[in-house]
Structure formats: structure tokens, C-alpha cells
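**Student:** Kindly return the folded structure for what I paste below:
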Amino acid sequence: MKEITDFIIEAREQRGDQYFTLTLKHPSAMQEILPGQFVEVLVEGCREVMLRRPISVHDVDPERGTLKLLIQVVGRGTRRLSSLKVGERLNVVYPLGHGFSLDVAQGSRVLLVGGGAGVAPLLHLSKALSAKGVSPTVLIGGRTSSLIPVSAEFEPYANLQIATDDGSLGHHGLVTEHPCFAEPFDRIYTCGPTPMMKAVAQAATQRGVWCEVSLENMMACGVGACLCCVVDTDQGHLCVCKEGPVFNATRLKKLWNF
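**Tutor:** Numbering: from 1, shown residues only. Alright, predicted model coming up:
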């Protein structure tokens with residue numbers, strides 16, 4: 001059941017040149033948020049921004065009633081969000097969307113691939129997999145080290161690997177060129193820029209590896225009413241905000257032509 005609530009901003013942290021996190025505290029009892037689901041936040045104090053902004057959930061602490069958002073500053077809306085201070089309120093619609101599949105067997109070899117703001121849902125997913133007895137490999141890519149918005153928070157739950165285009169951090173090259181990408185995996189999950197996700201999904205499909213993709217389409221309503229986030233799949237046109245954002249890669253062959 002979807003809820004509209006004013007969360008309290010409990011913490012704010014800058015992450016590199018373009019990213020920051022907001023930790024939000026629910027005023028009472030927070031609903032369950034599954035890995036891969038997202039929220040829609042109201043941007044107040046900015047007349048140019050009329051619609052809510054969809055943001056992936058980076059982390060959740062059910063016991064404390066908090067959720068964490070990892071946000072990239074890309075326009076007026078996210079720039080306004082970056083100016084919010086601890087103690088202020090942020091109106092949130094949650095939980096939204098269809099998340100990642102978690103029916104994974106204990107001990108499975110699992111790879112999580114992220115780039116840019118697509119890193120956001122992978123921490124919550126890593127923690128959920130770890131709780132099931134799976135220690136995933138998380139492979140993060142970016143153009144340069146200052147655009148890698150991750151920290152040691154992954155270390156208790158995953159084997160973190162990094163690739164940068166300029167070689168300033170981790171492997172020099174694309175995520176698909178990282179040595180660990182060639183290792184045998186039972187499952188691959190990916191979220192990030194479309195070219196990266198397409199390359200990951202195509203490679204996984206060619207190897208016969210089960211793969212899920214979290215799309216980052218433009219959204220408005222977040223509940224499948226406005227139809228602005230529709231994509232063409234093997235099952236026809238589907239709303240990313242409602243039937244997604246997570247899809248099995250095989251359903252996107254028609255969209256990505258592979």
C-alpha cells in the first residue's frame with residue numbers, strides 16, 4: 001500500500017562531485033521497502049519544478065524507521081534537494097515500483113553492476129542478498145574517481161570492485177572489461193546508464209546467465225497513470241514505474257535489439 005508522508009531529514013552527506021545522500025526518518029512506523037523499489041519526492045521552494053522526482057532507495061533501516069537516498073545533482077529539482085538541511089521535512093510517496101527478485105539460493109554466485117546514480121539500489125540489494133547467505137560481487141563503474149559515489153558501506157555485505165574510464169580508481173576501463181565480469185555467475189543484476197546496462201544484459205544473455213535490469217526512465221506520476229515512462233517489451237508496452245523499474249533482461253531484447 002502506497003503512503004504519502006513527511007519524512008524528517010536526519011543526515012546529509014556529500015558524495016564526490018555530483019552526489020549526496022539524505023537519510024530520512026519516518027515519523028511513526030515505516031512500511032517495508034524492497035530492494036529496487038523507489039520513492040517520489042516533492043520538491044518545494046522551486047517554482048520551475050512542478051512534478052515529483054523519482055529517487056531510488058539506497059538503504060533502509062526498518063528498526064530505526066529510516067531510508068537513505070543517493071541523489072545525483074542533474075537539474076533544478078535535484079539541486080534544490082541538495083540544499084535541504086537536517087531537521088527539514090521532505091514529502092515522500094513510497095514504496096513504488098517492482099523491485100529485484102530475491103528468490104536466490106544460498107551460496108549462489110551473484111554479480112551486481114552499477115554506474116552513476118544506478119549505484120543507488122545496489123546497497124539495499126546487497127544487504128538483502130547477504131541476509132540470504134549470498135555474498136555478492138558489486139562492480140561499480142564511472143568516468144573518473146570523483147564520480148564513484150560509494151564508500152566502505154558495501155564492505156560488510158559484498159566484494160566491491162571498481163572500474164573507471166580514465167584508470168584513476170580501480171580497473172582502467174569499462175565495467176564489462178573488468179576481470180571479474182568474465183567470471184562465472186549464476187545471476188547478474190544491473191542499474192545505471194542505458195549503454196552500460198544494455199552491454200551487461202547482452203553479455204549475460206549470450207552466456208545464458210539470468211539477469212535483471214533496473215531502468216531509469218523519465219517518470220512523472222510514479223503509479224502508471226501518465227504513461228510517460230512506457231517501454232516496449234516482449235509483452236507489449238509496459239510502464240517502468242509500475243511493472244518495473246526492474247525487468248528480466250530477456251523481456252528487453254526488443255527494446256535493445258539484441
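**Student:** got the contact list for residue 109?
**Tutor:** By C-beta atoms under 8 Å, 6 or more residues apart in numbering, residue 109 lies in contact with 137, 183, 184, 185, 186, 187. Yep, even glycine has a C-beta here, placed from its N, CA and C like the rest.
**Student:** Let's have those residues in a markdown table, adding pLDDT.
**Tutor:** A markdown table is the format used below for the contacts of residue 109 (pLDDT from 0 to 100):
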| residue | pLDDT |
| --- | --- |
| 137 | 97 |
| 183 | 95 |
| 184 | 96 |
| 185 | 97 |
| 186 | 97 |
| 187 | 98 |
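**Student:** Which members of the residues you listed are the farthest-apart pair?
**Tutor:** Using C-beta to C-beta, the two most remote members of the contacts of residue 109 are 183 and 187, lying 12.6 Å apart.
**Student:** Can you check which residues contact both of those two?
**Tutor:** Common neighbours of residue 183 and residue 187, using C-beta under 8 Å, 6+ apart, are 109, 111.
**Student:** Of those two, which one has the most company?
**Tutor:** Using other C-beta atoms under 10 Å as the criterion, residue 183 and residue 187 rank with residue 187 on top: 21 against 10.
**Student:** so the more buried one touches residue 111, yeah?
**Tutor:** Yes. In this structure residue 187 lies within contact range of residue 111 using C-beta atoms under 8 Å: 7.3 Å.
**Student:** tell me the SS of residue 254?
**Tutor:** Residue 254 falls in the helix class when you classify it by DSSP: H, G, I helix; E, B strand; the rest coil.
**Student:** Out of the helices and strands in the chain, which is least certain?
**Tutor:** The weakest-scoring helix or strand in the chain, judged by mean pLDDT, DSSP states H and E, is helix 253-256 (a mean of 85).
**Student:** by contact count, what packs against it?
**Tutor:** The helices and strands touching helix 253-256, judged by 3 or more C-beta pairs under 8 Å, 6 or more residues apart in numbering; DSSP states H and E, are helix 194-207, strand 230-233.
**Student:** could you pull out the helices for the stretch 101-250 of the chain?
**Tutor:** Assigned by DSSP state H, counting those that start in this stretch, the stretch 101-250 of the chain shows helices spanning 120-131, 194-207.
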